[in-house]
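Engineer: I need the structure of the sequence given here:
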Amino acid sequence: MGSGQPVVQRSLTMDEVWDLYRQDLEEIESHIRRNLNSEAPLINEMAAHILDGGGKRIRPLLLSLCSRLTDYVPKNDLVLGSLIEFIHTATLLHDDVLDEAALRRGRPTARRIWGNRASILAGDYLYSRAMHHIAAFKNHEVNDAMAMACRMLAEGEILQLCANRQPLLPESEYLRIVEYKTGALLAAGCKVGGLMGGVSPLQAEELHQFGVNLGIAFQLADDWLDYTANEKNLGKTLGQDLMQGMVTLPLIHVLPCLPDENRRILVAKIERNAIKEDDLLQLTEHMHQHGSLRYTRARSREYIDAALSNLTTFEDSTAKRALLVVADYMVNRDC
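Structural biologist: This is a model prediction of the structure:
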């Protein structure tokens, strides 16, 4: 796709988006492999384990699409897309340690194979390597956007750690955690893509907010999937978030709907990390009964609608239509 945007005068499907931008994604993948060259072989092996785990490269794709909203000819955006994926991979390594996760996308986590200490160190390496390459662009706006995202990612992890096993967490506080943990990196990638493409300062901020809203919508869809998806496709045990003490929107919504005594018992079990499979099944029934899963999905849709409104200042193009398709895919996926 190197010399211009193909013109498509109809809505795209997600398969068509993959096909249209396959060349970009293949080049991003090439940059990932070339930049993954630590002198410590274990780092390369651990990073490759996650990078080969079936991820869709959504973040690099979003960055590339945002750069194409203008007449920009792709070049540096593809390198930056690979570095966004390095940062994302670092967060996965760290998240699995914090969550004591056994599976990711249906495969053993790096921490299960190589241990927690190695996972943390490999994640630190990927963070630092990505920021080193980003700094080499000598673009203050890009550096600032990525540094801010990394800061918010770290703060989001701390905020979530403090919220673990706190089932009475207000929805507003939960959404702030999601904005930091999930929205920040998507927002930075979208903004950086726009900056590479030469958008106006106002449009760069619109792309940043697009990424924030998209990230929140994506996480709320994941919250819904945690209680409803096909376990084989999801690649993790259903209800795993709650079993690990993580508070998500379906739980926040359903608790006020329960009788006082039931709520008191359930809250105490969550706080003690004493939730059993029977509790999870009963709680899921309550979520269906009181519309908590419908509510979570509806809130996800609200954030997608907000994200799409952030694109209204951009002229119609294939890249813009592809962004709309990717946004919809991120909240309507099955796993």
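Engineer: okay, and Glu157 sits in which element?
Structural biologist: Assigned by DSSP states H and E, Glu157 falls within helix 140-163.
Engineer: from the chain's centroid, how far away is the helix or strand following that helix?
Structural biologist: For helix 140-163, the following helix or strand on the C-terminal side (DSSP H and E) is helix 171-178. Mean-position distance between helix 171-178 and its chain equals 15 Å (CA atoms, centre = their mean, to the nearest Å).
Engineer: since we're on Ala306, how many residues are nearby?
Structural biologist: Neighbourhood size, Ala306 [other CB atoms under 10 Å]: 16. Where C-beta positions appear, they are placed from N, C-alpha and C, glycine not excepted.
Engineer: that one reaches Gly215, doesn't it?
Structural biologist: No. Between Ala306 and Gly215 there is no contact under CB atoms under 8 Å: 11.5 Å.
Engineer: what about the nearest residue in space to Ala47 that is not next to it in sequence, how many residues nearby?
Structural biologist: Distances taken as CB to CB, 6 or more residues apart in numbering put Leu36 closest to Ala47, at 5.6 Å, once the chain neighbours are dropped. Other residues near Leu36 number 19, with proximity taken as other CB under 10 Å.
Engineer: contact partners for Leu36?
Structural biologist: Listed by CB atoms under 8 Å, 6 or more residues apart in numbering, the contact set of Leu36 reads 44, 47-48, 51, 86.
Engineer: re earlier: which positions in the helix holding Glu157 come out as buried?
Structural biologist: Using 16 or more other CB atoms under 10 Å as the test for burial, helix 140-163 gives 142-143, 145-146, 149-150, 152-154, 156-157, 159-160, 163.
Engineer: got those residues as CSV, with distance to Ala90 and pLDDT columns?
Structural biologist: Conversion of these to CSV gives the following (distance: CB to CB, whole Å; pLDDT from 0 to 100):
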residue, distance to Ala90, pLDDT
Val142, 18, 95
Asn143, 17, 95
Ala145, 17, 97
Met146, 12, 96
Ala149, 12, 97
Cys150, 9, 95
Met152, 14, 97
Leu153, 9, 96
Ala154, 11, 94
Gly156, 14, 96
Glu157, 11, 93
Leu159, 18, 95
Gln160, 16, 93
Ala163, 22, 93
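Engineer: can I get those in JSON lines with distance to Lys276?
Structural biologist: Output for those, formatted as JSON lines (distance: CB to CB, whole Å):
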{"residue": "Val142", "distance to Lys276": "48"}
{"residue": "Asn143", "distance to Lys276": "48"}
{"residue": "Ala145", "distance to Lys276": "44"}
{"residue": "Met146", "distance to Lys276": "43"}
{"residue": "Ala149", "distance to Lys276": "38"}
{"residue": "Cys150", "distance to Lys276": "38"}
{"residue": "Met152", "distance to Lys276": "35"}
{"residue": "Leu153", "distance to Lys276": "33"}
{"residue": "Ala154", "distance to Lys276": "33"}
{"residue": "Gly156", "distance to Lys276": "29"}
{"residue": "Glu157", "distance to Lys276": "27"}
{"residue": "Leu159", "distance to Lys276": "28"}
{"residue": "Gln160", "distance to Lys276": "23"}
{"residue": "Ala163", "distance to Lys276": "22"}
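Engineer: confidence score at Leu280?
Structural biologist: You'll see Leu280 listed with a pLDDT of 90.
Engineer: just Gly235 next, same as before
Structural biologist: 48.
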